[in-house]
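> mind folding the following:
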Amino acid sequence: MTEIIVNGIEDLPRAARVFLDKRGDASIIAFYGSMGAGKTTFITALCEALGVKDVVNSPTFTIVNEYRDGRGDSVYHFDFYRINRLSEALDIGLYEYFDSGSLCLIEWPEMIEELLPEETLKVQILTDDARTRRLLF
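Numbers count the residues shown, from 1 in each chain. Model prediction:
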């Protein structure tokens with residue numbers, strides 16, 4: 001198990017770089033954490049570390065946003081918080097995204113748990129206090 005401690009917002013760029021170095025070759029990454037744990041904030045830091053120039057925000061209503069990293073490769077950002085049925089995830093072509101080889105960053109993966117491929121890297125974000133988060137994977 002790997003643990004990364006994030007000591008406040010100002011520590012996010014470092015934590016994102018460390019995470020990207022330690023994730024191995026995982027392209028499907030599921031972020032678990034309570035509301036307000038910092039899933040979107042950490043995904044934003046990851047995108048910035050990858051060179052994404054677009055504004056990164058949670059695709060709560062659109063389910064998926066596509067960004068381009070510094071090399072021009074696609075990065076997909078999913079938020080499954082508002083889906084009610086697994087068919088909603090399938091209707092957007094979920095497996096096409098997963099099979100693309102592009103980086104797929106997922107918020108609220110518990111809503112589609114049974115659709116996640118076996119090779120999904122599962123990351124738990126724990127809230128220690130108002131400033132400190134721990135990432136476990």
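
> drop to CA atoms for contacts and neighbour counts, all remaining ones
Noted.

> now the residue most central in space within the chain: how far from residue 75?
Nearest to the geometric centre of the chain sits residue 105, at 3.1 Å (C-alpha atoms, centre = their mean). Per C-alpha to C-alpha, to the nearest Å, residue 105 is found 8 Å from residue 75.

> was I right about the residue nearest to the centre of the chain contacting residue 80?
No. Counting by C-alpha atoms under 8 Å, residue 105 does not reach residue 80; the two are 11.1 Å apart.

> check contacts around residue 71.
residue 51 (C-alpha atoms under 8 Å, 6 or more residues apart in numbering).

> 6 Å instead?
Going by C-alpha atoms under 6 Å, 6 or more residues apart in numbering, residue 71 touches no other residue.

> give me the phi and psi for it.
With angles defined as degrees, to the nearest 10, residue 71 sits at phi -100, psi 0.

> ok, now residue 113?
Dihedral angles (degrees, to the nearest 10) for residue 113: phi -50, psi -50.

> what's the answer for the one 10 residues further on, then?
Phi and psi for residue 123, reported as degrees, to the nearest 10, are phi -120, psi 130.

> could you give the bridge partners of it?
Beta-bridge partners recorded for residue 123 (DSSP bridges): residue 31.

> that one and residue 73, how far apart?
23 Å.

> neighbour-wise, which of these two wins?
Higher neighbour count among residue 123 and residue 73: residue 123, with 20 against 14, using other C-alpha atoms under 10 Å.

> so what's that one up against?
Counting by C-alpha under 6 Å, 6+ apart, residue 123 makes contact with 30, 31, 32, 136, 137.

> do that again at 7 Å, thanks
The contact partners of residue 123, taken as C-alpha atoms under 7 Å, 6 or more residues apart in numbering, are 30, 31, 32, 135, 136, 137.
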